[in-house]
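J.: generate coordinates for the sequence data below:
(one chain, ligands or ions: 1)
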Amino acid sequence: MACAARIRDDVAPRIAAFTERHGRPPGLGVVLAGQNPASEVYVRNKIKTVAGAGCRAELFRLDQSAPVEEALALVRRLNADEAFDAILVQSPLPEGMGKDAEQRIFDAVDPAKDVDGFHPFNVGLLVQKRPALVACTPLGCIELLEREGIAMKGRHAVVIGRSDIVGKPMAMLLLHRDCTVTICHSRTAGLPEIARSADILVAAIGRPGFVTRDFVKPGATVIDVGINTLTDEADVTRLFAAGSKKRAAFAEKGSVLVGDVHPDVEEIAGAVTPVPGGVGPLTVAMVLRNTVTAAELRATRKAAM
Ligand code: GUN
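T.: Numbering: from 1, shown residues only. Model (predicted):
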């Protein structure tokens, strides 16, 4: 069974137990502002998975032109609503909300309901190796490594990308599993050489096909976090050989999903996660697991008060 399906199976008894004990299922409120096409797909998948597992999952939409105050008011309403144990505000937010909107809104989410683990309180707990709610994508990557039996202790892990959503929490999680961790980014000098020394290579830089064969040590485990949509034929022709699967997919649909890792890497790596179908479903499975974890943690805290 695929890893994401096993995770969903593992949380099923926890959902049943919570629902029986509290007379209601764990609840997730998802806030989606604007009409970003990729966000529409992600949010639909998250809601479908969480609701399909027997939790409550509700979508709250805001207009593309909604001011940041409206998003803040919605988050505060969900913070106060006992039916919701978990809150997810999909990123990116519309540009019109202002430059610091994301920070302000993530800061406003009750840390106990912070299913994404983006609140500074939860980031601090992660850094101190006492994690409660951890960002779903890096958590899904770690779950995959553990379930596939990939050794981490003492191994060199290289994370390409330093975002708050993936790169930084990923590095922390690998560190806490005794990897020696290097974080690389767009300004790193000699990136291919550093990447080539990795036993575990995580690509989360948001550049299609960026990690080529020369970045990869033979036999290394490569995790591709990138999800890039190519719509320009010139990009597809430049990146992929005639007769390749990516070219065929583009010819059929006029667009193609491409990770940060070039498909040629498959020939040299020990294992590579595919795009689509690799890290994406794991992220969604972790939204489900974190929803249940948030519900349980909140119930325990209430009982202790
Ligand atoms: N946008 C891209 N990835 C994520 C994620 O993991 N959580 C949220 N809230 N938005 C995202």
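
J.: ok, now which ones touch the residue in the stretch 51-200 of the chain that the ligand sits nearest to?
T.: Among the residues of the stretch 51-200 of the chain, Ser91 lies closest to the ligand, at 3.6 Å counting by C-beta to the nearest ligand atom. The way it works is simple: take the backbone N, C-alpha and C, and place the C-beta from them, glycine included. For Ser91, the contact set (C-beta atoms under 8 Å, 6 or more residues apart in numbering) comprises Ser39, Glu102, Ile165.

J.: do that again at 10 Å, thanks
T.: Ala33, Asn36, Ser39, Tyr42, Ala101, Glu102, Ile105, Phe106, Asp116, Phe118, Asp164, Ile165 (C-beta atoms under 10 Å, 6 or more residues apart in numbering).

J.: tell me how this structure divides into domains.
T.: Annotated domains of the chain cover 10-118+282-304, 153-225+260-273 [automatic domain parsing].

J.: out of the ones you listed, the one nearest Lys246 is which?
T.: Lys246 lies closest, by C-beta to C-beta, to one member of the domains of the chain: domain 153-225+260-273, at 6.4 Å.

J.: up against the ligand, what does the chain have?
T.: Counting by C-beta under 6 Å from any ligand atom, the chain comes close to the ligand at Leu88, Val89, Gln90, Ser91, Asp116, Cys136, Thr137, Ile165, Thr283.

J.: the first one: how many residues sit nearby?
T.: By the criterion of other C-beta atoms under 10 Å, Leu88 has 27 neighbours.

J.: ramachandran angles for it?
T.: Main-chain dihedrals, Leu88, degrees, to the nearest 10: phi -130, psi 120.

J.: for it, give the beta-bridge partners.
T.: Note on Leu88: beta-bridge partners by DSSP bridges are Val30.

J.: dump the residue contacts of Ile105.
T.: 31, 33, 68, 71-72, 74-75, 87, 89, 91, 93, 97, 118.

J.: of the contacts of Ser91, which is the most crowded?
T.: Ala33 (27 neighbours).

J.: on the three-state scheme, the residue of the stretch 51-200 of the chain closest to the ligand is what?
T.: coil (DSSP: H, G, I helix; E, B strand; the rest coil).
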